[in-house]
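K.L.:
Requesting a structural model of the entry that follows:
(one chain, ligands or ions: 1)
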Amino acid sequence: MAAAVQVKNARKRYRKKVALDGVDLTVEAGRTVGILGRNGAGKTTLVETIAGLRKPDAGTARVMGLDPIADRARVRMVLGVQLQKAIMHYDLTVIENLRLHRSFYPEGRDPDELLEKLGLAPSRDTRFGRLSGGQAQRLSVAAALVGRPRVVILDELTTGLDPEGRRGIWRVIESLREEGVTILLVSHAMDEVARLCDHVVVLDEGRVRAEGTPEELVSQAGATNLEQAFLSLVGATEGELDTLKGAA
Ligand SMILES: Nc1ncnc2c1ncn2[C@@H]1O[C@H](COP(=O)(O)OP(=O)(O)OP(=O)(O)O)[C@@H](O)[C@H]1O
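P.N.:
Numbers count the residues shown, from 1 in each chain. Coordinates of the predicted model:
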């Protein structure tokens, strides 16, 4: 199977802080891969490197064989990115913002259909500046998907959503999987990762500490579920995980 995303020996340092310490990652096309790690593990730096938003000090990143910095325009056509900080026009409505994103792509999704699927139809004509945190979050997911990308990066996609909102977004992700879209999911929510991901990468201090299917990680850690496996693999406490989830 061809790799949709390939990272080789990525290194990134911010002043004295090493964020990526030689990360290798291969995501086969059509896979849904979860990236786990405590705060500061390097998750956002890794996905921003894949998205071409950060230049690694060393190593390479490729998306569908393309360099995300040198081939920026082509990568933008195949990659949808939802990061923690969404960039939207404050004074435009939800549908206007989404149509604007749609306009960059020759073959995108129908903006109204996407709003319906993400439970945002009632806020269609609300200006971005008036949205709640959860609504803004859903719009950032919609914007990442509207160009019908083959590869999607979602960084804490259900942060701040109520249980119904989370389940709605999970259904959208599941339908993307069925379409064969490759998905990279950064999350602190173990239930989300266990449900959606067929492969999980645990980052710790800028390195890949463990990877495998959720079941493999559970058995590797001698745990009974993914949450326990994660805690044991990174040596974190349950209280710390609760804090991560609270922040998420
Ligand atoms: N622009 C920056 N300047 C300096 N240090 C940074 C910068 N961005 C990230 N860092 C540091 O690099 C490390 C990795 O950060 P990163 O955001 O990649 O972690 P993360 O796993 O995404 O964390 P979180 O779960 O908190 O989002 C952290 O120690 C962070 O403080």
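
K.L.:
Report the contact partners of the residue most central in space within the chain.
P.N.:
Taking Cα atoms, centre = their mean, the centroid of the chain lies closest to L154, which sits 2.0 Å from it. For L154, the contact set (Cβ atoms under 8 Å, 6 or more residues apart in numbering) comprises 82, 141, 144, 173, 183-186. Every C-beta, even on glycine, is put in place using the N, C-alpha and C of the backbone.

K.L.:
The closest residue in space to P111 that isn't next to it in sequence is in what secondary structure piece?
P.N.:
Using Cβ to Cβ, 6 or more residues apart in numbering and skipping residues adjacent in sequence, the residue nearest P111 is L98, 4.2 Å away. L98 is part of helix 94-102 when elements are defined by DSSP states H and E.

K.L.:
what helices or strands is that helix leaning on?
P.N.:
Counting contacts by 3 or more Cβ pairs under 8 Å, 6 or more residues apart in numbering; DSSP states H and E, helix 94-102 is packed against helix 111-117, helix 133-145.

K.L.:
What average pLDDT does it get?
P.N.:
Taken as a whole, helix 94-102 carries a mean pLDDT of 96.

K.L.:
List the contacts of it.
P.N.:
By Cβ under 8 Å, 6+ apart, helix 94-102 touches 88-89, 92, 108-109, 111-112, 114-115, 120, 123-126, 128, 131, 135, 139, 142-143, 146-147.

K.L.:
which of these are buried?
P.N.:
In the contacts of helix 94-102, burial by neighbour count holds for 88, 108-109, 111, 114-115, 120, 123, 126, 128, 131, 135, 139, 142-143, 146-147, counting by 16 or more other Cβ atoms under 10 Å.

K.L.:
if I look at the residue nearest to the centre of the chain, how far off is A144?
P.N.:
Using Cβ to Cβ, to the nearest Å, L154 is found at 7 Å from A144.

K.L.:
Could you measure from the closest residue to L161 other than its chain neighbours over to D125?
P.N.:
Excluding the flanking residues, the one nearest L161 by Cβ to Cβ, 6+ apart is G134, at 4.9 Å. In this view, G134 and D125 are 18 Å apart by Cβ to Cβ.
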